[in-house]
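> Provided below are the primary sequence and the corresponding predicted coordinates.
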Amino acid sequence: MTNQNVVVASDRKFSNIGLKITVTLTNSTLFSGADSKALPAPGGGFITISRKNILRKPTDTSDQGGNKINAWVNSLRASSPTRLKSSVAFSPQTEEQTSWIARHPSALSKFEEIVNASKGKKIVMFLDYDGTLAPIVEDPDRAFMTNEMREAVRDVARYFPTAIVTGRCRDKVFSFVKLAGLYYAGSHGMDIEGPSKKRRYKKGNHGVLCQPASEFLPMINEVYQTLLEKTKSIPGAKVENNKFCLSVHFRCVDENSWGTLAEQVRVVLDKYPKLTLTQGRMVLEIRPTIKWDKGKALEFLLEALGYANSKDVVPVYIGDDRTDEDAFKVLRNRGQGFGILVSKTPKETHASYSLQEPSEVKDFLRRLVQWKRLSLRQV
Ligand SMILES: O=P(O)(O)OC[C@H]1O[C@H](O[C@H]2O[C@H](CO)[C@@H](O)[C@H](O)[C@H]2O)[C@H](O)[C@@H](O)[C@@H]1O
């Protein structure tokens, strides 16, 4: 009889009220033939836990591949917005949240602190797309940003060099942002293009500055085709071709099939040791094993702008996802600029400040523009 630590979190009924309980049960207690079990709930009543809503911890004693899959799937579950939102609803000001906010205060409430540190220096803006400029939605092809956000980004770019740094394909993100005059770093920074002088953006490689993974293009396309085939029978699964990397989306897949989908990805990837897997919000991302990420893209862009060794530059990076942590880390290591994490819930991060959601990002960008306009008038 083995003891298991399990996290009960996925029953829709209970996630609505933010119930997240860790219990220790024995295998025999849990599944002695039954598919579900009633347990006393905190505050009275009972909760029913079933086989399907037990999240095994990644330390389960299964084989290596199985372990990996469990870890990915559990991690995806943990980052599921339903669960994150519900834990806030359950207890709005936990000690954890209060201490997290103290360590990563709102960039809006600390706006003066940020601009005071930037006086006389050159701000360079780096903006992630999904979850930062556009809210997270089910269909990745419909992740549009609002016109108000577009105006805010356009205005910011008038005063500060601005780059969109995204996991998306560069052309795709441009079709959402639709602003010439910005830098676009697609495929997690593996496809960087400089600003276009023309108002209309043309698809292609006109002002390309950096494509460190171009040799991987045929391999990525091959894996894309294979994954399309292997995942077509899993309802809701979506494979997105982001040019130098791929995204496998779990958001619309029934939770019971997450393991199957993750297993398909693992089986395919096992044949490609030169590709690696990272994780985003309900997505597994496949990319070349080169030492390049959003942090490297940030450094590349600072150099391209002539600020590689400048003490007078303040890079501000706003992002919501794990892949943005590479850029936050670079800023920490440089001791320069500010990382701002977009999140409603406490998360481990290298960012210094936080904003809760894209609408707050828009407010922050607008305030930055107002501050700049005012300071120009005062000169
Ligand atoms: O670096 P980012 O700009 O944040 O891109 C990361 C991934 O974003 C997109 O997926 C995410 O947003 C989708 C639309 O809201 C959502 O459906 C999905 O669950 C999220 O993971 C994009 O589709 C991916 O290709 C990017 O890698």
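Received, thanks.
> The ligand contacts on the stretch 1-150 of the chain?
Residues of the stretch 1-150 of the chain lying near the ligand by C-beta under 6 Å from any ligand atom: 128, 129, 130, 131, 136, 137, 138, 140, 143. Where you see a C-beta, it was placed from the backbone N, CA and C, and this is true even at glycine.
> Name the member of these with the most neighbours.
residue 128 (26 neighbours; other C-beta atoms under 10 Å).
> quick one on the thing from earlier: adding pLDDT and secondary structure, write the residues of the stretch 1-150 of the chain next to the ligand out as JSON lines.
JSON lines is the format used below for those (pLDDT from 0 to 100; DSSP: H, G, I helix; E, B strand; the rest coil):
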{"residue": "128", "pLDDT": "98", "secondary structure": "coil"}
{"residue": "129", "pLDDT": "98", "secondary structure": "coil"}
{"residue": "130", "pLDDT": "98", "secondary structure": "strand"}
{"residue": "131", "pLDDT": "98", "secondary structure": "coil"}
{"residue": "136", "pLDDT": "97", "secondary structure": "coil"}
{"residue": "137", "pLDDT": "97", "secondary structure": "coil"}
{"residue": "138", "pLDDT": "97", "secondary structure": "coil"}
{"residue": "140", "pLDDT": "97", "secondary structure": "helix"}
{"residue": "143", "pLDDT": "98", "secondary structure": "coil"}
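> tell me the two of those that are most distant?
Farthest-apart pair in these is 128 and 138; separation 19.1 Å (C-beta to C-beta).
> buried set for stretch 110-119?
110, 111, 114, 115, 118 (16 or more other C-beta atoms under 10 Å).
> now the fourth one: how far from the ligand?
Between residue 115 and the ligand the distance, using C-beta to the nearest ligand atom, to the nearest Å, works out to 26 Å.
> for residue 307, same thing?
Remark: distance between residue 307 and the ligand (C-beta to the nearest ligand atom) = 23 Å.
> try residue 259
Distance, residue 259 to the ligand, using C-beta to the nearest ligand atom: 18 Å.
> so what's residue 162 bridging to?
Under DSSP bridges, the beta-bridge partners of residue 162 are residue 125.
> Any figure for the gap between residue 377 and residue 266?
Separation of residue 377 from residue 266 (C-beta to C-beta, to the nearest Å) stands at 58 Å.
> So between the two, which is more surrounded?
Taking neighbours as other C-beta under 10 Å, residue 377 and residue 266 compare with residue 266 leading, 16 against 7.
> Pretty sure that one sits against residue 68.
Yes: with contacts counted by C-beta atoms under 8 Å, residue 266 reaches residue 68, the gap being 6.4 Å.
> Could the C-alpha coordinates of the helix or strand containing residue 372 be exported in CSV?
Residue 372 is part of helix 358-378, with elements assigned from DSSP states H and E. What follows is helix 358-378, C-alpha atoms only, in CSV (Å, rounded to 0.1, in the frame of the first residue of the first chain):
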residue,chain,number,x,y,z
PRO,A,358,-3.8,43.6,-20.5
SER,A,359,-6.1,46.5,-19.6
GLU,A,360,-3.6,47.5,-16.9
VAL,A,361,-0.8,47.2,-19.4
LYS,A,362,-2.7,49.7,-21.6
ASP,A,363,-3.0,52.1,-18.7
PHE,A,364,0.7,51.8,-17.9
LEU,A,365,1.6,52.5,-21.6
ARG,A,366,-0.7,55.5,-21.6
ARG,A,367,0.7,56.9,-18.4
LEU,A,368,4.2,56.5,-19.8
VAL,A,369,3.2,58.5,-22.9
GLN,A,370,1.6,61.3,-20.8
TRP,A,371,4.7,61.5,-18.6
LYS,A,372,6.9,61.8,-21.7
ARG,A,373,4.8,64.5,-23.3
LEU,A,374,4.7,66.4,-20.1
SER,A,375,8.5,66.2,-19.6
LEU,A,376,9.1,67.3,-23.2
ARG,A,377,6.9,70.4,-22.6
GLN,A,378,8.9,71.2,-19.5
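> list the buried ones in that helix?
Buried-residue list, helix 358-378, by 16+ other C-beta under 10 Å: 358, 360, 361, 362, 364, 365, 366, 367, 368, 369, 371, 372.
> just checking, what packs against that helix?
Where contact means 3 or more C-beta pairs under 8 Å, 6 or more residues apart in numbering; DSSP states H and E, helix 358-378 is packed against helix 111-118, strand 122-127, helix 147-159, strand 338-342.
> OK, contacts around residue 355?
Residue 355 makes contact with 106, 107, 108, 318, 340, 341, 342, 361, 364, according to C-beta atoms under 8 Å, 6 or more residues apart in numbering.
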